[in-house]
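>>> Compute the structure for the input listed below.
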Amino acid sequence: MHACASPATQIAAALAAQAEDVCRHYLPAGERQGRYWVVGDIDGSPGHSLIVRLRGPGKPGKWNDMANGDHGDLLDIVRHRSRCTSLAAVLSEARSFLALPARQAPAGPTEADPSGAALRLWRYCRPIDGTHAEAYLQARGIERCRFASLRFHPKLRYRDPHSSTQREYPALVAAVTNGAGRLTGVLRTYLDPDRPAKADVPAPKKALGPVYGQAVRFGPADARPDPVLIVGEGIETVLSLLTAYPGVAGAAALSAGSLGAFVPPRGRRVAIARDAGRDGGAAADNLAKRCGQSGIRFRVLAPELGDFNEDLAAGGADAIRQCLGCTSRA
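Presented below is the predicted three-dimensional model:
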């Protein structure tokens, strides 16, 4: 009787089955040369010292750095490039890349693609760290934005909804997942190529794939999740609250209707971050009702201005904490 492979071994095998996609994402400065991916080093610098085997003969996913003798597999590359500090964190990052449910090993390297075009786009994006997408969020006062659910695409095609014209823009790409952690779609936020702001286009935010009732999820990778989950409409709204309350997990439902349809997780307390206005209030009330029916403790957080990102821009994280400390209602 053979022992079952460990989750790390299974995920390393799944990464190896998509070795070129992994290299394009985590080592984008490299290039394919025959059956190898060639790059400068494990930091992703341009050059030719480090080679990753993409296909046989030999074991795909194995790499060697000819300059210093270092070697390993793709899980090592994911760990180093995502700066994970624990095995649990690197497995979580790898599962996110592979669009697998959280804390569940893959069935095998040939597992069906659950999301089509959305998943293919997600795999061709890079981590948000140091990109134009991170600059965009930081310009809005958001300090906590390096989450596995956020990535960057340098040249994403945009089709004008009022004409047949197309252009390429840098974009913030967010993974939309269901309650099991499986990717169902993505949200694309098109950015101005010269300024840390949204692109001046008719629809700077576009969803791809099923997103209604699902969410972009944010949570600490290296720590046990806080029992409080902040749920709001927009990515910027939720990230603003996570900037004010580091270490707390969050979920952005992306629209008022989707917020009202969000299924709150059991075993967590839910903080509902409503937007100002009738639609924002109705969505918060719908989610509060769902929480009450499920016996989930909840609290409704109301902004001083239009939403919590406006509050953050106007007064900073301290102002949000002071406001919620005295004006929030349950």
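>>> Now A8: phi and psi?
Here is the backbone geometry of A8 (degrees, to the nearest 10): phi -60, psi -40.
>>> Who are the contact partners of it?
When the contact criterion is Cβ atoms under 8 Å, 6 or more residues apart in numbering, the partners of A8 are 75, 87, 91. C-beta coordinates here come from the backbone N, C-alpha and C atoms, glycine included.
>>> Okay, buried residues for the strand or helix carrying the last one please.
Here L91, judged by DSSP states H and E, is contained in helix 87-98. By 16 or more other Cβ atoms under 10 Å, the buried positions in helix 87-98 come out as 89-98.
>>> try stretch 190-207
190-192, 199, 201, 204-207.
>>> and the two most separated of the buried residues of helix 87-98?
A89 and L98 (15.1 Å; Cβ to Cβ).
>>> low-confidence ranges in this structure?
1-5, 99-115, 220-226, 326-330 (pLDDT under 70).
>>> what angle sits between the longest strand seen in it and helix 87-98?
If you go by DSSP state E, the chain has its longest strand at strand 166-177. Angle between the axes of strand 166-177 and helix 87-98 is 130 degrees (criterion: axes from the mean of the first three to the mean of the last three Cα atoms, to 10 degrees).
>>> can you pull out the strands in the stretch 201-330 of the chain?
Taking DSSP state E, counting those that start in this stretch to define them, one finds strands in the stretch 201-330 of the chain at 205-208, 216-218, 228-232, 249-252, 269-273, 298-301.
>>> Tell me which other helices or strands the first one touches.
The one in question is strand 205-208. helix 117-123, strand 183-190 (3 or more Cβ pairs under 8 Å, 6 or more residues apart in numbering; DSSP states H and E).
>>> Including distance to E20, could those go into JSON lines?
Output for the helices and strands packed on strand 205-208, formatted as JSON lines (distance: least, Cβ to Cβ, whole Å):
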{"stretch": "helix 117-123", "distance to E20": "10"}
{"stretch": "strand 183-190", "distance to E20": "19"}
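>>> which one of the ones you listed has the most crowded surroundings?
Neighbour counts (mean count of other Cβ atoms under 10 Å) averaged over each of the helices and strands packed on strand 205-208 peak at strand 183-190, with a mean of 24.
>>> Name the strands paired with that one and say parallel or antiparallel.
strand 166-177 (antiparallel), strand 205-208 (antiparallel) (DSSP bridges).
>>> Need the contact partners of it.
Contacts of strand 183-190 (Cβ under 8 Å, 6+ apart): 99, 114-115, 118-119, 121-122, 133, 136, 153, 156, 158, 169-178, 198-199, 201, 204-211, 214, 216, 235, 254.
>>> Counting neighbours, what do you get for R290?
A count of nearby residues for R290, using other Cβ atoms under 10 Å, gives 17.
>>> what's the spacing between it and R182?
21 Å (Cβ to Cβ, to the nearest Å).
>>> How about R83?
25 Å.
>>> the more surrounded of these two?
Taking neighbours as other Cβ under 10 Å, R83 and R182 compare with R182 leading, 17 against 13.
>>> still on that earlier bit, need the contacts of A8 in CSV with distance to E20, can you?
Below are these laid out as CSV (distance: Cβ to Cβ, whole Å):
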residue, distance to E20
L75, 16
L87, 25
L91, 21
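>>> from the residues you listed, which is closest to S294?
Checking the contacts of A8 against S294 with Cβ to Cβ, the nearest one is L91 at 29.5 Å.
>>> Can you name the residues bridging to the closest residue to K205 other than its chain neighbours?
Residue nearest to K205 in three dimensions, not counting chain neighbours: T189, with 5.2 Å by Cβ to Cβ, 6 or more residues apart in numbering. Under the criterion DSSP bridges, T189 forms beta bridges with L172, K205.
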